[in-house]
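Enquirer: A predicted structure for the sequence below; I have some questions about it.
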Amino acid sequence: MSSHSNDGVGEVAQFHTLTQRRAALEKEWARWATAPGDAFRIPAGSTALRTEVIQSWQRSLTTVDPSRTEAPGLDDVRDRWTESPLRQPITELAGDLRSISEDSGYLAVVTDAAGTVLWSCGDRALRRKAEAVNFAPGGCWDESHMGTNGLSLALHHDRPSTVFSAEHLVAALHSWVCYSAPIHAPDGRQLGVLDLSSSWDRSHPMVMTSVRALVTAVETMLRAAAPTPARGVRLECLGGARLVRDGRPVPLPPRHLEILALLALEPDGFTPKQLQAAVYGDRPVSSSTLKADVSHLRRTTGGEISNRRYMLTGPVSCDAVDLLAAVQAGDTSSAVWLYRGPLLPGSDTPGVLQWRNHLDVGVRTAVLASDRADHAVAFSERSPGDIEVHEHALGLLPADDVRRAVVVARLHTALRS
């Protein structure tokens, strides 16, 4: 079997068999992982180790002894599991997880965001082997406790990660291979990791495809179970336009939706002259027209717009405002999730055009700066004509990732248009 490229990395030495790859990594581990801390300086190009593994070893060696035999742990994690948002979706998927793991000789593990194992299932013999190193509920598998492993890299980089044999810093884990991917809440927060692990000789690139599919299923269930939006006024203006009040759609003409979007994005509000310029530009429109539009909006929103200076005085939630906050906070995961398309597509209102460009550039810049393939793949769906985004996604996707076909098709269409 040929070695395969792993998620999140660009260089992997090539070997004809897994046995050859393991032997080469064992030599590298013996050469570098056992060296004194101040001697751990691997010259570029002098090792078969992947860059992210080297960097993880360097971080881990300050707190982890490579000769340790098991993970430290917590005595009881039942309360953590009961309170975890992952408990319900994992419980619903437990049958699938057991079938996949037991039929293939793997162990399925779920952790919280700190890397503590909360749940596991799988092959009985493998579970006994895992318990020997405390790869079981209560075990702490973050980088500071157990060094380089699939779970710790997935948590650290917030992307799918594979760690094979002697890429693990701890020698007791050299007989393992781990395929891990982070699980995110609907708002983009990292909730934990889902991992499939087995003995090194069962390594296969398709395992990561299964992990990705399972994580997608969990995240879909989390979104479906998300709390119903609170009562009040909600404006959705990314990729479309809709106003909802107390859960019910409120029909509004496009102009009124544009005004409400501008008021939501400018919390300090506008003078009447500023708002007229932002809405109508140089068009010869009287101030009475704007007053009539604002008066109609005031009735629609329940009097939440002030008089002398046009600004929102009550809670009006807006997806564009949420997106802006995510971009400003550097939260690319939430920004990509919130971005459903351009601000009020089709509108030529000057103020909307300015904000549309601001939001699009902000999200696009964050995606291009991210090293997470899922960011680029998701954003490319919303930006079908953006060649650079499609190329960025392809540069991050592993050669065996099934999503490459979709991105290649998008790139082909963009190049021909």
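Expert: Yep, that arrived.
Enquirer: in what helix or strand does A409 lie?
Expert: helix 404-416 (DSSP states H and E).
Enquirer: for that helix, buried residues please.
Expert: 404, 407, 410-411, 414 (16 or more other Cβ atoms under 10 Å). In this view, the C-beta of every residue, glycine as well, is placed from N, C-alpha and C.
Enquirer: pLDDT (mean, whole number) over that helix?
Expert: Helix 404-416 shows a mean pLDDT of 91 in the predicted model.
Enquirer: what helices or strands is that helix leaning on?
Expert: On a contact count with 3 or more Cβ pairs under 8 Å, 6 or more residues apart in numbering; DSSP states H and E, helix 404-416 meets helix 373-382, helix 387-396.
Enquirer: which one of these has the lowest average pLDDT?
Expert: helix 373-382 (a mean of 90).
Enquirer: elements contacting that helix?
Expert: Packing partners of helix 373-382 (3+ Cβ pairs under 8 Å, 6+ apart): helix 332-338, helix 350-369, helix 387-396, helix 404-416.
Enquirer: just want the angle from it to helix 387-396.
Expert: Interaxial angle of helix 373-382 relative to helix 387-396 (axes from the mean of the first three to the mean of the last three Cα atoms, to 10 degrees): 150 degrees.
Enquirer: now helix 373-382: buried residues?
Expert: 373-380, 382.
Enquirer: now do the strands in this structure.
Expert: Ranges of strands in the chain, per DSSP state E, are 107-112, 117-122, 161-164, 176-184, 190-199, 233-236, 242-245, 248-250, 316-318.
Enquirer: quick one: which of those strands is nearest L368?
Expert: Taking Cβ to Cβ as the criterion, strand 176-184 is the member of those that comes nearest to L368, at 20.2 Å.
Enquirer: and the angle for the closest one with strand 190-199?
Expert: Using the same axes, to 10 degrees: strand 176-184 against strand 190-199 is 160 degrees.
Enquirer: show me the shaky parts of the stretch 1-150 of the chain.
Expert: Within the stretch 1-150 of the chain, the stretches with pLDDT under 70 are 1-14, 36-46.
Enquirer: sorry, back to before: okay, the helices and strands packed on helix 373-382, which one's buried deepest?
Expert: Among the helices and strands packed on helix 373-382, ranked by average contacts under mean count of other Cβ atoms under 10 Å, first place goes to helix 332-338 (a mean of 23).
Enquirer: packing partners of that one?
Expert: Judged by 3+ Cβ pairs under 8 Å, 6+ apart, the packing partners of helix 332-338 are helix 319-328, helix 350-369, helix 373-382.
Enquirer: lowest mean pLDDT across the strands of the chain, which one is that?
Expert: strand 248-250 (a mean of 84).
Enquirer: quick one, grab the pLDDT at S333.
Expert: Value for S333, per-residue pLDDT: 86.
Enquirer: how close does the spatially closest residue to E92 that is not a sequence neighbour get to L191?
Expert: Among residues not flanking E92 along the chain, M221 sits closest, at 6.6 Å (Cβ to Cβ, 6 or more residues apart in numbering). Using Cβ to Cβ, to the nearest Å, M221 is found at 12 Å from L191.
Enquirer: thinking again about what came up before, looking at the buried residues of helix 404-416, which two lie furthest apart in space?
Expert: R404 and A414 (15.3 Å).
Enquirer: residues touching the residue nearest to E92, list them.
Expert: M221 makes contact with 88-89, 92-93, according to Cβ atoms under 8 Å, 6 or more residues apart in numbering.
Enquirer: out of the helices and strands packed on helix 332-338, which comes closest to C237?
Expert: The nearest among the helices and strands packed on helix 332-338, by Cβ to Cβ, is helix 319-328 at 5.4 Å.
Enquirer: return the closest one as PDB; C-alpha atoms alone will do.
Expert: This file holds the C-alpha atoms of helix 319-328, laid out as PDB (Å, rounded to 0.1, in the frame of the first residue of the first chain):
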ATOM      1  CA  ASP A 319     -27.700  38.400  10.000                       C
ATOM      2  CA  ALA A 320     -25.500  41.000   8.400                       C
ATOM      3  CA  VAL A 321     -24.700  42.500  11.800                       C
ATOM      4  CA  ASP A 322     -23.900  39.000  13.100                       C
ATOM      5  CA  LEU A 323     -21.600  38.500  10.100                       C
ATOM      6  CA  LEU A 324     -19.800  41.900  10.700                       C
ATOM      7  CA  ALA A 325     -19.200  41.000  14.300                       C
ATOM      8  CA  ALA A 326     -17.700  37.600  13.300                       C
ATOM      9  CA  VAL A 327     -15.400  39.200  10.800                       C
ATOM     10  CA  GLN A 328     -14.300  41.900  13.300                       C
END
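Enquirer: centroid residue for the protein?
Expert: Of all residues in the chain, the one closest to the mean position by Cα atoms, centre = their mean is S333, 4.8 Å from it.
Enquirer: wait, isn't it in contact with H184?
Expert: Yes: with contact defined as Cβ atoms under 8 Å, S333 counts as touching H184 (6.1 Å).
Enquirer: what distance do you get for V77 to G147?
Expert: 21 Å.
Enquirer: more neighbours: which of those two?
Expert: G147 (26 against 20; other Cβ atoms under 10 Å).
Enquirer: buried set for stretch 232-249?
Expert: Buried residues in stretch 232-249 (16+ other Cβ under 10 Å): 232-238, 241, 243, 245.
Enquirer: what does stretch 206-223 give?
Expert: Going by 16+ other Cβ under 10 Å, stretch 206-223 has these buried residues: 207-208, 210-212, 214-215, 218-219, 221-222.
Enquirer: dump the residues you listed into CSV; add pLDDT and distance to L265 as well.
Expert: Output for the buried residues of stretch 206-223, formatted as CSV (pLDDT from 0 to 100; distance: Cβ to Cβ, whole Å):
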residue, pLDDT, distance to L265
V207, 94, 45
M208, 94, 40
S210, 93, 42
V211, 95, 39
R212, 93, 35
L214, 95, 38
V215, 95, 33
V218, 95, 33
E219, 93, 28
M221, 93, 32
L222, 93, 28
